[in-house]
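# Based on what follows, work out the 3D shape:
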Amino acid sequence: MGHPKLKKKTYSKPTHPWQKERLEGEKELLREFGLKNKEEIWKVNSLLRKYAKQAKTLIALDTPQSEIQRAQLLKKVSSLGLIDETAKLEDVLTITLNGILSRRLQTLVYKNKLAKSLRQARQFITHEHVLIGDKKITSPSYIVSRQEETLINFASNSALFSQDHPERVSEKEQIPPTEKKKAKKEEKGEKAKEKKEKTPKEKTKKSQKSKISEGLETKSQSESKEKKPEEKPKESTKQDKENKETKK
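This next block holds a predicted model:
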């Protein structure tokens, strides 16, 4: 028996330390969900294996005790928002790692727009700024149930409780990026319409200017031709020679 103060490991490490696909997948999960280290992934993965193992054993049994355990497992998993309330026991095997990670308190604080980033959401939770109902939870990996999802808020004694706090998400930042892109596209479309409406007028002005410029160019060319002096014809080389001989 171990020491009561020393906690046992609640997760198991991967069997093989060097697997390229697994390592790349873990890196993506760390970025996507703002996790601190890979131990958090291993803990969720062990929980996923636990649910799958329970479901497989209960599917093979047909005893009254197994039916009670089956109902308890379905109730627990559906309350966490991992499956639907009307799901069957076979649907427990379809739960994914991303599904459990998306139910963590850290990700839900960010999704509810109480933080600007996942890292900031983790900081708010560990610094005791976040409440679920009346409970102050300092664990970012806490899996939130469906009933508790709407009760996430800042503590009343926290400075972040006021909406004027500079670290709170502003109204402009609350607009999703998809809607921002749509608004930009609409603005571009309106500008293009305005340009199209202006173009015929501008074209007429440009055509008038071009005609005036062409008229001025023709006038200048005609004047330059008139001003050019007439070139004197050159005397032939034979006459030059004769004139030289007469002089001699």
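
# which residues of the chain score low on pLDDT?
1-2, 172-184, 195-248 (pLDDT under 70).

# For it, just list every one of the helices.
20-33, 38-60, 64-79, 97-101, 105-111, 118-126, 146-149, 171-174, 177-227, 237-247 (DSSP state H).

# Using CSV, list the CA coordinates for the fifth one.
In CSV, the C-alpha atoms belonging to helix 105-111 read as follows (Å, rounded to 0.1, in the frame of the first residue of the first chain):
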residue,chain,number,x,y,z
LEU,A,105,-13.4,24.1,-19.0
GLN,A,106,-10.6,25.8,-20.7
THR,A,107,-12.0,25.4,-24.2
LEU,A,108,-15.6,26.3,-23.1
VAL,A,109,-14.3,29.6,-21.4
TYR,A,110,-12.8,30.5,-24.7
LYS,A,111,-15.8,29.5,-26.8
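
# Which elements pack onto that helix?
helix 118-126, strand 130-132, strand 152-154 (3 or more CB pairs under 8 Å, 6 or more residues apart in numbering; DSSP states H and E). The way it works is simple: take the backbone N, C-alpha and C, and place the C-beta from them, glycine included.

# and the longest one with helix 20-33, angle?
Right, helix 118-126. 70 degrees (axes from the mean of the first three to the mean of the last three CA atoms, to 10 degrees).

# Not counting its own residues, what contacts helix 118-126?
33-34, 36, 105-107, 109-110, 114-115, 130, 137-140, 154, 160, 167 (CB atoms under 8 Å, 6 or more residues apart in numbering).

# gap between Thr15 and Arg49?
With distances taken as CB to CB, to the nearest Å, Thr15 is found 12 Å from Arg49.

# higher neighbour count, the two?
Arg49 (12 against 6; other CB atoms under 10 Å).

# thought Leu108 was touching Ile143?
No. In this structure, Leu108 is not within contact of Ile143 by CB atoms under 8 Å, at 9.7 Å.

# Neighbour count: those two, which is higher?
Shown here are Leu108 and Ile143; by other CB under 10 Å, Leu108 has more neighbours (21 against 18).

# Quick check: closest non-adjacent residue to that one.
Spatial nearest neighbour of Leu108, excluding adjacent residues (CB to CB, 6 or more residues apart in numbering): Val144 at 5.4 Å.
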